[in-house]
Structures are given as structure tokens and as C-alpha cells.
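[1] quick one, structure for this:
(one chain, ligands or ions: 1)
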Amino acid sequence: MQRRDYIKLLLSGIGSLLFKIPLKALQLNRPIHSKHFGTFYWGVATAAYQIEGSHDVDGKGLSIWDTFSNKSGNIKDKNNGNTACNFYYTYKEDIEILKNLNFKDFRFSLSWSRIFPHDNSKVNQKGIDFYHRIIDTCLEKNINPWITLYHWDLPQYIQEKGGWANREVLNYFEEFAHTTSKTYGDKVSKWMVLNEPAAFTTFGYLTGIHAPGKISLNSYFASVHHAVLAQSLGGKILRENVKNSFIGTTFSCSPVEPASQKAKNIRAARRLDVAVNRMFIEPSLGMGYPSNDFRLLESLNKYIKEGDEAKMPFEFDFIGLQHYFRIIAKYSLARPFIWATDMDPKKRGVETTAMNWEVHPESMYHIIKYFSKYPIKQIIISESGAAFEDSITNGSINDIRRIKFFDETLQQVLRAKNEGINVSGYFVWTFMDNFEWAEGYRPRFGIVHNDFNTQKRTVKDSGYWFKEFLSSEI
Ligand code: IFM
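    Below you'll find the model as predicted:
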């Protein structure tokens, strides 16, 4: 071990005392290795708007994120995704990097407004070709491409009609899913329908901190119901058009614990659990909306049409879990309707990431266990990672906290798997530092560093850690 690493480890040891992490847990040279997981998907996950850039190139139309991020005040430091990681031009080199790190699976999303720039009657061939190039590069390099149909960048012309709050979005989505699955379905068998519907409906239509920046309870509930319908509709279309299909959809999820055993905190935790974890999966399993545990969900009834109950379920091959932090729930008068808040981790004195999210690897085990009570065929961790401040020293990035995070999180995945839960894959969030939505470019989640001025990529030590971890996969 180099002296520099030793000092860092020592410092994180001091951190462990501060944050009450047992020192034992800091031994990073434990022999955890991908071979302990058996046959498993090991990948990196990305999203179109966060990496591609080229927002107006080759006929691409505007998405809600182009509009939102270019409006002053919406994104930290006045950042936008116009250039992002320039992946539109660097995809070949980037895929080569991930291959060199021994990953076998690459998850990316399709930019809807590259493919249907103006309305759904005319396809933009150059947009279609771009994803063919990515897919072909993956296949040439023996990397499995995994497509996410929708990762938050709705075309602006659909938003003009109300976006996810207008049921018409389903007609557009149907056409988009149909065209793309027909086009790429012979080459790509692994698909995910939606990325984190709870996040894009809540932040986009209720709190307004993400595109399209709406703040309305009605729009929120309408968007929730339409996203639930899109989830199963997308699944059915993919099943029709994709060869040897392996179809999933993803959920953001967090174990929710009450701050105390007081009845009002327990009830607050139950409501948050519904909104965060249950609202999208239960209708997809034919269980309907969990309104019994959160009466406000009855507001959805206004948007449910005859026959919708039968349209909501779909038998997914896998469910993608995207877990980042646990929630300690407390009753709060300051949060109308849900009357619950997540206690600030800083005030709880726990270790946090650059997003102010608690570092709590055991939560990964708890959330997998929580979802395993549902009748789902397979669980894949479709995103997991942490943003920490990185610095380049003599050309290298010794991101020991991120390494520790992955090491400990993966042990929790293995713990669940060893108990017999069918967890079959893990995707790192994320491949390279990218545009982190309203937070701009400051939080760095990548295992590859990106210099946003020069677009120079530098593999972080966490990237090399994965290379070693995955060394038996090649
Ligand atoms: O960057 C996001 C991603 O787009 C969706 N899941 C959470 C990540 C970190 O915030």
C-alpha cells in the first residue's frame, strides 16, 4: 500500500470513529470478488440527457430538460446539459474504457426527441442511426447493450400539451416504444421501460425542482397514473417486438424507518413508504394502488378510466431497484398532504455524500429484502453509487470513500443473494461524472472522472477497483 493510501485509510479510520462505523468495515483488502456472485450482470448505467450533449445536432428536437436547464435559476451554477460529456461523439472511446474495466453490460437511454424531434409522425433517421452506432459498438466489443426507453427527457412538444399530466402522452409513448423496439429489437434483447417514475413525477410535477418544473397536486396525480399505464404499455409493446426479450422497469426505492415509535411518526413512515416504494410496483403486480395506507391516493380515481385496472399489470422479467439512501421519517406539519418529512442526515450526525445522502450500505440489503416479498421474478440493482468530492493528484484520483462504498454495498447485495433472493445484476451509477440534473456538474458520481472543459476522461481508483473485482469475468 502506498503511503498516500495509508494516510487516507487512516483518515477514514478517524472518520469511522466520528461516524461510528466499525473499523473492521474499513479493511478494503477483503477478498470480495465478482466470482462470489456466480452468474451475474455487471454493468454501468447512464442516461441520454446526462451524457450525450449535442442537444441540437443532427435534427434533434427540444426536450423538457433542454428547456428547463437553459432557464436561469433552475440548475446550480447556471449549468445545462447542452454539451454534458459529449458522448454523442466520444461513445466509441467511452465504451472501450468500460470494456477495459471488465464490465460486460452497458445501460443507456434513448433520447426521445432525437428520434421523434417534432411530433410522432416523422422519425429522424439520424437519431435512429446514432443508437445503432452505440449498439453496434457494444456488440463488436462483446458488451451487452441495455436500453432504457424513458429516462426523463420528454419531448417539449408533448409537454406543451401537458406532458405526463395529459393522458395523450400514452399515444406518443406507444408510438415511441413501438418504433424503437421494432428498430433495435433484433439486436438488443434487454430493455427497461421507465427510469424511476416516482422521481420524475414528484420532482417534475409536484415539487417542480426538475423538468418541466410544475407544482400542482392535480398534475402530479395525473402524471402518476399515466406513468403507471405507460410502464405496462411499454412492457407489452417490447414483448411483442423484441427477440428473446428480457424486460424490466426501474424504481427509486429506500427503506423507510420511523424516527421513533410515536404513532404519528409510524403513520408518517407508512405514507412515505407508499409514495416512495409502493405506488408504482403494486399496480404493475395487479394489486392496484395502495390507497388503504395513504388515503390521499384516492385522488388518483379522478384519472382512472374504465378498463384501466386491467391495463396496469405486466409480468416483468425483472425489476430494477435504484437505491441511494434510507429515509428516517418524521411527522411534519410543514409538508402538507403527506405530513411527513425525511430527517436531514446532517442533523443526525451521520456520514453523507456530496448529495447530502446518508452513507448506509446495509440499506441495500434491507431494500432488496423488502422488494423480495413481492412476487417478482428477478431483482437487478439497476443503479447504485455515490457522489463524493474528488481531486486529481499527479494524474490519479484516489477516491477511497467511493471504493469503500462499493465494497460495503456489494457485500450487502451478496448477503441478500446468499439468503436465496434472486438478485441477478448490479449496475454502477455511474460510468463517468455527468450532468446531475438540478445539481449541475458539481456532484461527481462517476468511476471515471470527466474534465468538463476538455472532456478528458481519467479512470478513478474506484474504476480500477472494479477492474480487479471483475477480473474473473473476462
Ligand atoms: O443521476 C440520477 C439518475 O439519473 C437517476 N437515479 C439517481 C441518479 C443520482 O441522482
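[2] residues in the chain within reach of the ligand, list them.
    Contact residues, the chain versus the ligand (CB under 6 Å from any ligand atom): 47, 50, 196, 322, 383, 429, 436. Bear in mind the C-beta positions are built from the backbone N, C-alpha and C, glycine included.
[3] so of those residues, which ones are in strands?
    Assigned to strands by DSSP state E, the following of the residues of the chain next to the ligand qualify: 322, 383.
[4] just give me the closest of the residues of the chain next to the ligand to Leu233.
    Glu196 (17.5 Å; CB to CB).
[5] neighbours around the closest residue to the closest one other than its chain neighbours, how many?
    In space, and not counting its chain neighbours, Glu196 is closest to Ser252: 4.1 Å by CB to CB, 6 or more residues apart in numbering. Using other CB atoms under 10 Å, Ser252 is surrounded by 20 other residues.
[6] what about Ser252, distance to Asp461?
    Applying CB to CB, to the nearest Å, the value for Ser252 to Asp461 is 28 Å.
[7] the lowest-mean-pLDDT helix or strand in the chain: what's the following helix or strand?
    Among the helices and strands of the chain, helix 3-18 carries the lowest confidence by mean pLDDT, DSSP states H and E, at a mean of 34. Per DSSP states H and E, the first helix or strand lying C-terminal to helix 3-18 is strand 41-45.
[8] name the strands paired with that following strand and say parallel or antiparallel.
    As defined by DSSP bridges, the strand partners of strand 41-45 come to strand 105-109 (parallel), strand 423-428 (parallel).
[9] quick one: contacts for Gly162?
    Contacts of Gly162 were listed using CB atoms under 8 Å, 6 or more residues apart in numbering, and they are 168-169, 219, 222.
[10] helix or strand for Trp191, just tell me which one.
    Taking DSSP H and E as the criterion, Trp191 maps to strand 190-194.
[11] could you give the angle of that strand to strand 105-109?
    The directions of strand 190-194 and strand 105-109 differ by 40 degrees, with axes from the mean of the first three to the mean of the last three CA atoms, to 10 degrees as the criterion.
[12] other SSEs contacting whatever helix or strand comes next after strand 190-194?
    As assigned by DSSP H and E, the chain's next helix or strand after strand 190-194 is helix 197-201. In this structure, helix 197-201 packs against helix 217-241, strand 246-253, with contacts taken as 3 or more CB pairs under 8 Å, 6 or more residues apart in numbering; DSSP states H and E.
[13] on the three-state scheme, Ile380 is what?
    strand (DSSP: H, G, I helix; E, B strand; the rest coil).
[14] that one reaches Asn422, doesn't it?
    No. Contact criterion CB atoms under 8 Å: Ile380 and Asn422 do not qualify, at 9.7 Å.
[15] more crowded one of these two?
    Ranked by neighbour count (other CB under 10 Å), Ile380 and Asn422 place Ile380 first, with 28 against 14.
[16] tally of neighbours for the nearest residue to the more buried one once chain neighbours are set aside?
    Of all residues not flanking Ile380 in the chain, Gly425 sits nearest, at 4.0 Å (CB to CB, 6+ apart). By other CB under 10 Å, the residues close to Gly425 number 23.
[17] how close does Gly425 get to Ser472?
    From Gly425 to Ser472 the distance is 16 Å (CB to CB).
[18] what's the pLDDT at Ala340?
    Here the pLDDT value assigned to Ala340 is 98.
[19] excluding its backbone neighbours, what's nearest it?
    Distances taken as CB to CB, 6+ apart put Ala268 closest to Ala340, at 3.5 Å, once the chain neighbours are dropped.
[20] from memory that neighbour sits against Lys330, does it?
    Yes. Here Ala268 reaches Lys330: they are 6.1 Å apart, a contact under CB under 8 Å.
[21] anything in contact with each of these two?
    What both Ala268 and Lys330 touch, as defined by CB under 8 Å, 6+ apart, is the set 258, 340-341.
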